[in-house]
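kindly return the folded structure for what I paste below:
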Amino acid sequence: MKNNLMKIKHMALISVLGLGVTFSSCQIDQAEEIEGPTQVAAKPSMGPTNIAARITDVGKDGKEIFDVTEVQPKPIGGMEAWNAYLTNNLIYPAEAKQMGIEGTVIAVFVINSDGTISNPEILRGIGGGADEEVIRLLNNAPNWEPAKQKDRVVNCRMRLPVRFKLS
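Sure, this is the predicted structure:
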């Protein structure tokens, strides 16, 4: 009986000490509550990842790629010609058909200052060969009229959703 009482006291003491250490080691700061999105000041860094990002974030001409421009790039012949190109050249992959895969592939690519398309990548894919089909379409696509920023031709990043739907 005495041993059980001693064990209970030791367990209680260990629990209290554990809680004490836990509470004393936590630092709780009263931070100002933030509403909505905020911007954080960029910290200058010359690490290898920063250099790699700079190398891949330039167009074919070695100049900056814009995400937003004053004058958007557009397909030669307009959106009707672009939609016709996609309709006439898109092949629904056999694997995707067989597996019943449907959905939207979202690709990102660069319209270079000379109007060519480069660096196609998949942001969100659906598999079954559909992602590769979108990359194939972009690699073979006709040139575009390049974007303009402050009356000069610039490289511009574009996003393209391509919907695959079985009928």
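
tell me which stretches of the protein form strands.
65-66, 74-75, 103-111, 117-124, 144-145, 147-149, 152-164 (DSSP state E).

need the ones you listed in JSON lines (columns: mean neighbour count, mean pLDDT and distance to Ala130).
From N, CA and C alone the C-beta is placed, and that goes for glycine too. Below are the strands of the chain laid out as JSON lines (neighbours: other CB atoms under 10 Å; pLDDT from 0 to 100; distance: least, CB to CB, whole Å):
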{"stretch": "strand 65-66", "mean neighbour count": "19", "mean pLDDT": "89", "distance to Ala130": "26"}
{"stretch": "strand 74-75", "mean neighbour count": "18", "mean pLDDT": "94", "distance to Ala130": "22"}
{"stretch": "strand 103-111", "mean neighbour count": "19", "mean pLDDT": "94", "distance to Ala130": "5"}
{"stretch": "strand 117-124", "mean neighbour count": "15", "mean pLDDT": "94", "distance to Ala130": "9"}
{"stretch": "strand 144-145", "mean neighbour count": "18", "mean pLDDT": "96", "distance to Ala130": "23"}
{"stretch": "strand 147-149", "mean neighbour count": "19", "mean pLDDT": "94", "distance to Ala130": "28"}
{"stretch": "strand 152-164", "mean neighbour count": "17", "mean pLDDT": "94", "distance to Ala130": "5"}
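
what is the least confident helix or strand in this structure?
Ranked by mean pLDDT, DSSP states H and E, the helix or strand of the chain with the weakest confidence is helix 48-56, at a mean of 46.

sorry, back to before: can I get the strands of the chain in TSV with distance to Leu90?
Output for those, formatted as TSV (distance: least, CB to CB, whole Å):
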stretch	distance to Leu90
strand 65-66	26
strand 74-75	15
strand 103-111	11
strand 117-124	14
strand 144-145	18
strand 147-149	25
strand 152-164	7
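
Asn89 is nearest to which of those?
Smallest distance to Asn89 across the strands of the chain (CB to CB): 11.1 Å, for strand 152-164.

between the closest one and strand 103-111, how many degrees?
170 degrees (axes from the mean of the first three to the mean of the last three CA atoms, to 10 degrees).

which ones are touching the closest residue to Lys165 other than its chain neighbours?
Nearest residue to Lys165, sequence neighbours excluded (CB to CB, 6 or more residues apart in numbering): Glu102, at 5.2 Å. Neighbour list for Glu102: Ile126, Phe164, Lys165, Leu166 [criterion: CB atoms under 8 Å, 6 or more residues apart in numbering].

switch to 10 Å and redo it
With contacts defined as CB atoms under 10 Å, 6 or more residues apart in numbering, the neighbours of Glu102 are Tyr92, Ala96, Ile126, Gly128, Ala130, Arg163, Phe164, Lys165, Leu166.
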